[in-house]
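*Asks:* Following is a predicted model, sequence given first.
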Amino acid sequence: DVKVTQSSRYLVKRTGEKVFLECVQDMDHENMFWYRQDPGLGLRLIYFSYDVKMKEKGDIPEGYSVSREKKERFSLILESASTNQTSMYLCASSLGGRVGNEQFFGPGTRLTVL
Amino acid sequence: AQKITQTQPGMFVQEKEAVTLDCTYDTSDQSYGLFWYKQPSSGEMIFLIYQGSYDEQNATEGRYSLNFQKARKSANLVISASQLGDSAMYFCAMKSLSGGYNKLIFGAGTRLAVHP
């Protein structure tokens, strides 16, 4: 079974802190994704990576950066957390290229910024 | 622009009955794929079913089927014989050639409540 794990289920941080969210997948997938989920908005793509050290901006990259130093690990970084970044963050991974390849999701991290 | 629209914020259904969750999409690509995911209260997204734009038959997976009407750009999810465990958020999503077959575009979701 594909497994995508995220470092924390719940996280509380203060405004201005640097926040790291870690995601690890165990199925050798090329693609990894970070989404944020807000009520009424569905999931919105922040960044995705299609290979080690490769990344591409999604729809809402402002205030975020990412790092992919190893194939199995994809990190989301909030350089200076703000209250409007309070949200559920979901990581996903998939094989590349074919339209039918589904994304496999981690359990999510609910981040609260005070 | 590519877009997924789910017009039903909430639905309820009686246990053992069938329910249809609506999804319409917008894309200018000829090649695309449509997905449905379930998100229980635990938060994890669970893949349910996939339909390719060139697939001639509607996709089915157990109690889930996808009513694909290409000309109307709709991809409704049908859940037959609803169970209490079907209570969850359901998301319709799409990826297409112009997204490199990688990026998923999600709708806002429909919350389904199954009543005993």
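*Replies:* It's in.
*Asks:* Could you list the low-pLDDT ranges of the chain?
*Replies:* Just going to use chain A. Chain A contains residues with pLDDT under 70 at A:1-2.
*Asks:* um, chain B though
*Replies:* Along chain B, segments meeting pLDDT under 70 span B:99-101.
*Asks:* what residues does it put near chain A?
*Replies:* Residues of chain B found near chain A (CB under 8 Å from any CB of the partner chain) are B:4, B:6, B:9, B:31-33, B:35, B:37, B:42-47, B:50, B:52, B:91, B:93, B:95-97, B:101-104, B:106-109. The C-beta positions use only the backbone N, C-alpha and C, and glycine is treated the same way.
*Asks:* ok, of those, which come out buried?
*Replies:* Neighbour-count burial (16 or more other CB atoms under 10 Å in any protein chain shown) applied to the residues of chain B next to chain A gives B:4, B:6, B:32-33, B:35, B:37, B:43-45, B:47, B:50, B:91, B:93, B:95-96, B:101-104, B:106-109.
*Asks:* mind listing which of the residues you listed are in strands?
*Replies:* Within those, residues falling in strands by DSSP state E are B:4, B:32-33, B:35, B:37, B:47, B:50, B:91, B:93, B:95-96, B:106.
*Asks:* Looking at those, spot the one nearest A:Phe104.
*Replies:* Nearest to A:Phe104 out of these is B:Phe47 (CB to CB; 7.3 Å).
*Asks:* Would you mind naming the residues that bridge with that closest one?
*Replies:* Under DSSP bridges, the beta-bridge partners of B:Phe47 are B:Tyr37.
*Asks:* How far off centre is stretch B:47-67?
*Replies:* 9 Å (CA atoms, centre = their mean, to the nearest Å).
*Asks:* who touches that stretch?
*Replies:* With contacts defined as CB atoms under 8 Å, 6 or more residues apart in numbering or on different chains, stretch B:47-67 is touched by A:99-100, A:102-104, B:20, B:29-38, B:68, B:70, B:74-81, B:90.
*Asks:* Quick check: end-to-end length of that stretch?
*Replies:* Distance between the two ends of stretch B:47-67: 17 Å, counting by CA to CA, to the nearest Å.
*Asks:* Tell me where chain A has strands.
*Replies:* Going by DSSP E, chain A shows strands at A:4-6, A:10-13, A:19-25, A:31-38, A:42-51, A:54-57, A:64-70, A:73-78, A:87-94, A:104-105, A:109-113.
*Asks:* what would these look like in a markdown table with distance to chain B and mean neighbour count?
*Replies:* Shown next, in a markdown table, are the strands of chain A (distance: least, CB to the nearest CB, whole Å; neighbours: other CB atoms under 10 Å in any protein chain shown):
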| stretch | distance to chain B | mean neighbour count |
| --- | --- | --- |
| strand A:4-6 | 9 | 19 |
| strand A:10-13 | 10 | 13 |
| strand A:19-25 | 13 | 19 |
| strand A:31-38 | 6 | 23 |
| strand A:42-51 | 4 | 21 |
| strand A:54-57 | 8 | 14 |
| strand A:64-70 | 14 | 16 |
| strand A:73-78 | 14 | 20 |
| strand A:87-94 | 7 | 24 |
| strand A:104-105 | 4 | 23 |
| strand A:109-113 | 8 | 18 |
